[in-house]
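Enquirer: Structure for this input, please:
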Amino acid sequence: MERDLRRLAAAHGVVTAYDAADGRRAQVDRDTVVRVLGLLDVDASSPAAVRDALATAEAAKAGDRLPPTVVLREGDRRTLPGPGTVTLEDGSTRGVGPELHGLPLGWHRLACGDQEVTLVVAPRRLPPPPPAWGWMLQLYSLRSRDSWGMGDLGDLRAFAGWAAGTGAGLVLLNPLHAIGPNHPVQASPYSPSSRRFANPLYIRVTDTAEYAAADAAVRAKVDALRPDGGELIDYDAVWRAKRTALELLYPGPAADVDPDLAAFATYCVLAEEHGTDWRQWPAELRDPARATADPARVGFYAWLQRLCDEQLAAAAEAAGAMPVGIVHDLAVGVDPGGADGWQLGDVLAQGVRVGAPPDAFNQLGQDWGLAAWRPDRLAATGYAAYRDMLRALLRHGGGLRVDHVAGLSRLWWIPPGAGAAEGTYVRYDADAMFGILALEAERAGAVVVGEDLGTVQPSVTRALRGRNMLGSTVLWFTRDGDTFIPPRKWPRTALASVSTHDLPTAKGFLTEEHVDVRARLGLLATGESAERERARADRAALTDMLRQAGLLSTTDDDAIVTALHAALAASPARLIAASLYDVLGETRQPNLPGTTDQYPNWRLPLPLPREEIQDHPGVRDIARLLAAARPRRRRD
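Expert: Numbers count the residues shown, from 1 in each chain. Got it, this is the predicted structure:
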């Protein structure tokens with residue numbers, strides 16, 4: 001690849017070579033670099049175009065021009081090209097000399113010369129998270145006597161209150177992001193339509209003020225709609241029943257609706273008529289500024305979000321005694337054809353799909369089919385869309401888990417029509433992305449947990465630790481070669497768990513269910529006998545570590561499951577979390593990567609209803625074990 005093209009790519013954050021999972025240096029195909037630059041509106045189609053684009057990029061960075069957004073950490077200084085004026089968030093102004101310093105935290109405006117830019121002052125670091133224990137919960141799986149076919153926000157409120165009473169300090173949820181309004185309902189919580197709004201499937205219909213105020217006849221009609229809970233969660237049946245019930249209770253459109261919420265609700269109404277992918281709509285509807293829809297129906301979808309907000313607030317209040325509380329999960333991206341793709345098209349890279357490069361487990365790479373932020377447009381718009389998304393997620397939570405946190409530094413972009421391996425990384429301003437996250441988390445009084453599993457650049461780990469944000473430690477991955485690392489050597493700055501939603505449950509691992517299911521579905525990379533031999537070697541290595549750590553005396557499955565949780569308790573990790581799937585002995589994992597309809601991903605309910613779970617002897621035993629290791633205390 002010619003030198004000028006490499007320089008042009010570097011100027012726009014497009015990576016031309018990277019360290020692959022096998023440790024070798026991978027060179028990105030020239031055509032991929034040209035195509036990705038084109039997605040950033042940079043013409044690199046010819047040597048002359050490259051020279052012109054490079055000259056433009058170098059001129060933009062020459063002299064004393066400020067970037068469109070300046071992000072400082074508290075206490076840092078930045079030299080300015082001349083004197084200027086800062087308009088603080090509270091509306092007051094102050095003059096600044098040749099150096100920026102001593103400004104309060106917040107979102108400000110800086111005028112300097114002929115420029116006016118966004119100025120963000122972020123905290124150097126968050127307060128240290130309090131040592132605490134809690135539960136990892138796929139909320140949809142927590143069914144109860146009162147829920148309609150799946151766990152809901154009423155179940156979350158009840159479970160959070162119960163957990164707080166046992167000394168738990170947090171409840172970590174799956175993403176509750178909004179999905180499209182049509183059938184079939186999207187099951188995966190990691191492919192949302194919008195990350196700024198909530199999924200109305202989680203509404204507890206009978207907890208609404210409108211249900212309480214309804215007459216007996218209407219309540220009887222609503223009650224009759226409740227679906228039965230089957231062996232698997234039927235999202236379509238749940239949504240059909242809840243939408244019909246809520247339509248019966250709908251009080252009519254509100255007089256004053258936030259413009260962003262009104263636009264989201266408009267998307268939902270248009271999606272009902274034209275399909276969930278706005279890119280396939282009639283041309284006149286693809287522009288949110290010009291599109292209109294039935295006001296009464298728009299009001300209905302806005303009302304659903306108000307109900308979500310009220311019930312999330314009630315759940316957060318029930319968790320109020322916890323030092324952390326409810327920890328929400330931020331998916332790495334959104335469905336490009338969904339509501340955010342329609343509303344936020346100015347800051348999303350059109351046509352890009354997010355994924356991951358090839359590795360030992362995914363030799364063809366991964367295509368997650370998700371939209372990506374455009375780093376240049378984020379900066380040009382003062383990161384407003386990113387800020388607003390964080391605020392929405394933190395409004396009723398004590399913490400935020402950031403899925404694939406390395407994506408705040410760089411993301412694997414796959415151009416339109418390309419395969420997953422035919423992409424490259426595009427860099428983001430990590431100081432801005434982490435700094436804004438820290439600012440919004442501090443204002444919300446929230447902890448931050450980054451999912452930093454797998455191959456993660458050291459700079460990401462430094463960004464987390466330097467800001468008192470936690471990483472993730474999963475017992476299955478705490479290895480040195482073929483041996484498991486004892487818990488006393490695990491990182492302190494982490495949330496530690498036995499497994500994740502994408503890995504075998506504790507009982508599934510011990511009974512080789514993860515081998516059985518992959519063998520049935522033809523997903524084994526090697527022969528079944530080799531996989532079983534590996535699974536048995538892993539079990540032996542695991543029990544060996546647990547014995548040497550003094551946590552295990554017998555090797556029956558139940559004793560090993562208890563010892564796994566004792567390992568969490570024995571670790572120095574600030575936060576530790578147990579999964580109800582593990583504690584209740586469920587063998588099937590919530591999600592089996594590499595499958596779609598072949599496996600019931602995201603549709604497995606817990607084996608017992610919430611009421612029985614809260615009284616289950618095994619659940620109470622694990623709660624006592626973890627509570628003894630992390631007695632409740634306030635944040636430092």
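Enquirer: which sections of the stretch 501-636 of the chain are below the confidence cut-off?
Expert: 634-636 (pLDDT under 70).
Enquirer: switch to 90 and redo it
Expert: 523-527, 555, 593-596, 632-636 (pLDDT under 90).
Enquirer: ok, and residue 54, which helix or strand is that part of?
Expert: helix 47-61 (DSSP states H and E).
Enquirer: Can you show me the CA trace of whichever helix or strand comes after that helix as PDB?
Expert: Next along the chain after helix 47-61, taking DSSP H and E as the criterion, comes strand 69-73. Provided in PDB are the C-alpha atoms of strand 69-73 (Å, rounded to 0.1, in the frame of the first residue of the first chain):
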ATOM      1  CA  THR A  69     -15.100  19.100  20.500                       C
ATOM      2  CA  VAL A  70     -12.400  19.500  23.200                       C
ATOM      3  CA  VAL A  71     -12.500  17.000  26.100                       C
ATOM      4  CA  LEU A  72     -10.400  17.700  29.100                       C
ATOM      5  CA  ARG A  73      -9.900  15.600  32.300                       C
END
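Enquirer: any chance you could map the helices in the stretch 1-150 of the chain?
Expert: Using DSSP state H, counting those that start in this stretch, the helices of the stretch 1-150 of the chain run over 3-11, 30-39, 47-61.
Enquirer: Of the ones you listed, which stretch is the most buried?
Expert: helix 30-39 (a mean of 19; mean count of other C-beta atoms under 10 Å). For the C-beta atoms, the positions are set from N, CA and C on the backbone; glycine is no exception.
Enquirer: for it, packing partners?
Expert: helix 3-11, strand 424-427 (3 or more C-beta pairs under 8 Å, 6 or more residues apart in numbering; DSSP states H and E).
Enquirer: Could you tell me the average pLDDT over that helix, please?
Expert: Taken as a whole, helix 30-39 carries a mean pLDDT of 97.
Enquirer: likewise stretch 200-220?
Expert: 98.
Enquirer: coming back round to it: which strands or helices does the helix holding residue 54 pack on?
Expert: helix 3-11.
Enquirer: contact partners of the helix it packs on?
Expert: Outside of helix 3-11, the residues within contact range by C-beta atoms under 8 Å, 6 or more residues apart in numbering are 15-16, 30, 33-34, 37, 42, 44, 47, 50-51, 53-54, 57-58, 61.
Enquirer: from the residues you listed, which is closest to residue 136?
Expert: residue 15 (33.4 Å; C-beta to C-beta).
Enquirer: Could I get the full set of strands for the stretch 151-300 of the chain?
Expert: Taking DSSP state E, counting those that start in this stretch as the criterion, the stretch 151-300 of the chain carries its strands at 170-173, 177-178, 194-198.
Enquirer: Please work out which of these is packed deepest.
Expert: The most buried one of the strands of the stretch 151-300 of the chain (mean count of other C-beta under 10 Å) is strand 177-178, showing a mean of 28.
Enquirer: still on that earlier bit, among the helices of the stretch 1-150 of the chain, which comes closest to residue 357?
Expert: Short answer: helix 30-39, nearest of the helices of the stretch 1-150 of the chain by C-beta to C-beta, at 11.2 Å.
Enquirer: Which residues outside that closest one are in contact with it?
Expert: 1, 5, 8-9, 12, 14, 16, 43-45, 53, 349-352, 413, 415, 418, 422-424, 426.
Enquirer: what do you get if the cut-off is 6 Å, keeping everything else the same?
Expert: Contacting residues not belonging to helix 30-39 are listed as 1, 9, 14, 16, 44, 349, 352, 413, 415, 422, 424 [C-beta atoms under 6 Å, 6 or more residues apart in numbering].
Enquirer: Do I have it right that residue 49 meets residue 43?
Expert: Yes. Residue 49 lies in contact with residue 43 (C-beta atoms under 6 Å); the separation is 4.4 Å.
Enquirer: quick one on the thing from earlier: and the helix holding residue 54 with helix 3-11, angle?
Expert: Relative orientation of helix 47-61 versus helix 3-11 (axes from the mean of the first three to the mean of the last three C-alpha atoms, to 10 degrees): 40 degrees.
Enquirer: Run the chain-centre distance for helix 47-61.
Expert: 36 Å (C-alpha atoms, centre = their mean, to the nearest Å).
Enquirer: Ok, stretch 299-315 next?
Expert: Worked out by C-alpha atoms, centre = their mean, stretch 299-315 lies 20 Å from the chain centre.
Enquirer: Any buried residues in it, and which?
Expert: By neighbour count with 16 or more other C-beta atoms under 10 Å, stretch 299-315 contains the buried residues 299-305, 307-309, 311-312, 314-315.
Enquirer: got it, and stretch 66-85?
Expert: Neighbour-count burial for stretch 66-85 [16+ other C-beta under 10 Å]: 66, 68-74, 80, 84.
Enquirer: Tell me which two in these are the farthest apart.
Expert: 68 and 74 (21.3 Å).
Enquirer: Check which helices and strands the helix ranked longest in the chain is in contact with.
Expert: Scanning the chain for the longest helix, with DSSP state H as the assignment, gives helix 295-318. Packing contacts for helix 295-318, counted by 3 or more C-beta pairs under 6 Å, 6 or more residues apart in numbering; DSSP states H and E, involve helix 153-165, helix 259-274.
Enquirer: okay, it in CSV with CA atoms only?
Expert: Extracted in CSV, the C-alpha atoms of helix 295-318 (Å, rounded to 0.1, in the frame of the first residue of the first chain):
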residue,chain,number,x,y,z
PRO,A,295,-51.0,11.6,16.3
ALA,A,296,-53.1,9.2,18.4
ARG,A,297,-50.9,6.2,17.5
VAL,A,298,-47.7,8.3,18.1
GLY,A,299,-49.1,9.2,21.5
PHE,A,300,-49.7,5.5,22.2
TYR,A,301,-46.0,4.6,21.7
ALA,A,302,-44.9,7.7,23.6
TRP,A,303,-47.2,6.5,26.5
LEU,A,304,-45.5,3.1,26.5
GLN,A,305,-42.2,4.7,27.1
ARG,A,306,-43.6,6.7,30.0
LEU,A,307,-44.8,3.5,31.5
CYS,A,308,-41.4,1.9,31.0
ASP,A,309,-39.8,5.0,32.7
GLU,A,310,-42.2,4.8,35.7
GLN,A,311,-41.7,1.1,36.2
LEU,A,312,-37.9,1.4,35.8
ALA,A,313,-38.0,4.1,38.5
ALA,A,314,-40.0,1.9,40.8
ALA,A,315,-37.4,-1.0,40.4
ALA,A,316,-34.6,1.4,41.1
GLU,A,317,-36.3,2.6,44.2
ALA,A,318,-36.7,-1.0,45.4
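Enquirer: can you list contacts of it?
Expert: 153, 156-157, 160-161, 197-198, 200, 203, 208, 250, 253, 257, 261, 265-266, 268-269, 326, 396.
Enquirer: same question, stretch 133-150
Expert: 151, 155-156, 168-174, 226-227, 229, 233, 238, 241, 576-579, 590, 605-606, 609-610, 626, 630.
Enquirer: List the contacts of the spatially most central residue of the chain.
Expert: For the chain, the residue nearest the mean C-alpha position is residue 330 (2.0 Å; C-alpha atoms, centre = their mean). Taking C-beta under 6 Å, 6+ apart as the contact definition, residue 330 lies against 400, 402.
Enquirer: Next one: it from residue 578, what distance?
Expert: 22 Å (C-beta to C-beta, to the nearest Å).
Enquirer: Outline the domain layout of the protein.
Expert: 3-61, 69-122 (automatic domain parsing).
Enquirer: mind checking which of those domains is nearest residue 584?
Expert: Comparing the domains of the chain under C-beta to C-beta, the one sitting nearest is domain 3-61, at 34.4 Å.
Enquirer: Show the end-to-end separation of the closest one, please.
Expert: Using C-alpha to C-alpha, to the nearest Å, the end-to-end distance of domain 3-61 comes out at 19 Å.
Enquirer: How about stretch 317-327?
Expert: 13 Å.
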